[in-house]
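Asks: Next comes the sequence, and after it the predicted model I'd like to discuss.
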Amino acid sequence: MDTEQESEWNAAHSIFISEDLLTVLSFSCNLAVVDRNRWLYQGQTLQWAIYRYNACWLPLLAKHSESKITEGPLVVPLDCEWIWHCHGLNLVRYKSDYEEFYGSILDNSNVVSSINQRTSRKETEETWNKLYPNEPYEYDMSRASSSEFSETLYNRGTQSFSKYDFVLAVERQSPFFYQVSRPHFKKDLFLQDTLIIS
């Protein structure tokens with residue numbers, strides 16, 4: 001290692017890593033669940049997930065950001081979580097979209113993944129069903145192949161609040177889990193070392 005590299009290495013080691021950043025990085029552990037639900041990668045089911053993210057999840061999150069609408073944390077449905085994750089990977093677009101349409105980045109500090117979350121999920125599901133009585137909280141795969149589904153998707157479009165190409169973002173991310181699926185990728189020490197190297 002030359003002097004410049006060593007200097008950068010030492011500077012990287014002096015950066016404080018917050019627990020929040022490690023929590024964000026460990027989301028890749030949940031990519032295994034997304035990968036087992038490959039319907040989230042393409043076709044009409046992906047288009048519907050994008051629609052649900054834009055038309056249901058983001059307005060719900062905006063309401064929750066203004067004033068807490070559930071006692072416990074808000075639990076994001078898997079399909080919306082996946083689209084949200086892909087959107088968030090383009091930080092510039094993510095920030096500009098939220099600022100343009102919501103005035104600021106929405107507060108997600110009291111939001112948890114639907115994966116392994118049962119207690120607060122029921123409360124979020126009840127709130128969702130009140131706000132969106134025609135759109136179930138859980139993604140309904142039986143609707144995905146129906147002609148009603150196709151017609152509704154065609155009539156509504158994805159109603160994206162963003163010009164961001166969510167389909168392309170998902171295409172870029174869909175092979176990623178394979179690259180980070182080894183057990184050591186889930187360990188905090190590995191994630192810390194990765195941050196130091198980058």
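Replies: Yes, it's here. Residues are numbered from 1 along each chain as shown.
Asks: Quick one: mean pLDDT for the helix or strand Val167 falls within?
Replies: Secondary structure assignment for Val167, by DSSP states H and E: helix 166-173. Averaged over helix 166-173, pLDDT sits at 90.
Asks: Check which helices and strands it is in contact with.
Replies: helix 43-52, helix 78-88 (3 or more C-beta pairs under 8 Å, 6 or more residues apart in numbering; DSSP states H and E). (Each C-beta comes from the backbone N, C-alpha and C, glycine too.)
Asks: By mean pLDDT, show me the worst of the ones you listed.
Replies: helix 43-52 (a mean of 88).
Asks: Now do the helix or strand following that helix: which elements does it pack against?
Replies: Moving toward the C-terminus from helix 43-52, the next helix or strand (DSSP H and E) is helix 58-66. Using 3+ C-beta pairs under 8 Å, 6+ apart as the contact test, the elements touching helix 58-66 are strand 74-76, helix 91-102, helix 119-131.
Asks: Can you mark which positions in the last one are buried?
Replies: When you say that, I think you mean helix 119-131. Neighbour-count burial for helix 119-131, counted by 16 or more other C-beta atoms under 10 Å, picks out Ser120, Arg121, Glu123, Thr124, Glu125, Thr127, Trp128.
Asks: One more: stretch 165-175?
Replies: Phe166, Val167, Ala169, Val170, Gln173, Ser174.
Asks: Alpha carbons of that stretch, as PDB, please.
Replies: Taking Å, rounded to 0.1, in the frame of the first residue of the first chain, the C-alpha atoms of stretch 165-175 are listed here in PDB:
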ATOM      1  CA  ASP A 165     -37.800   4.600 -14.400                       C
ATOM      2  CA  PHE A 166     -38.700   2.100 -11.600                       C
ATOM      3  CA  VAL A 167     -38.800  -0.800 -14.000                       C
ATOM      4  CA  LEU A 168     -35.200  -0.200 -15.100                       C
ATOM      5  CA  ALA A 169     -34.200   0.300 -11.400                       C
ATOM      6  CA  VAL A 170     -35.700  -3.100 -10.500                       C
ATOM      7  CA  GLU A 171     -33.900  -4.700 -13.500                       C
ATOM      8  CA  ARG A 172     -30.600  -3.300 -12.300                       C
ATOM      9  CA  GLN A 173     -31.200  -4.600  -8.700                       C
ATOM     10  CA  SER A 174     -32.800  -8.000  -9.400                       C
ATOM     11  CA  PRO A 175     -29.400  -9.900  -9.900                       C
END
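Asks: Export the helices and strands packed on helix 58-66 as TSV, with columns for distance to Tyr137.
Replies: Output for those, formatted as TSV (distance: least, C-beta to C-beta, whole Å):
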stretch	distance to Tyr137
strand 74-76	9
helix 91-102	22
helix 119-131	4
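Asks: between these, which has the poorest average model confidence?
Replies: Across the helices and strands packed on helix 58-66, the lowest-scoring stretch is helix 91-102, with a mean of 85.
Asks: ok, then the element right after that helix?
Replies: Later in the chain than helix 91-102, the nearest helix or strand by DSSP H and E is strand 111-113.
Asks: pLDDT (mean, whole number) over that following strand?
Replies: 86.
Asks: Appreciated, that's everything.
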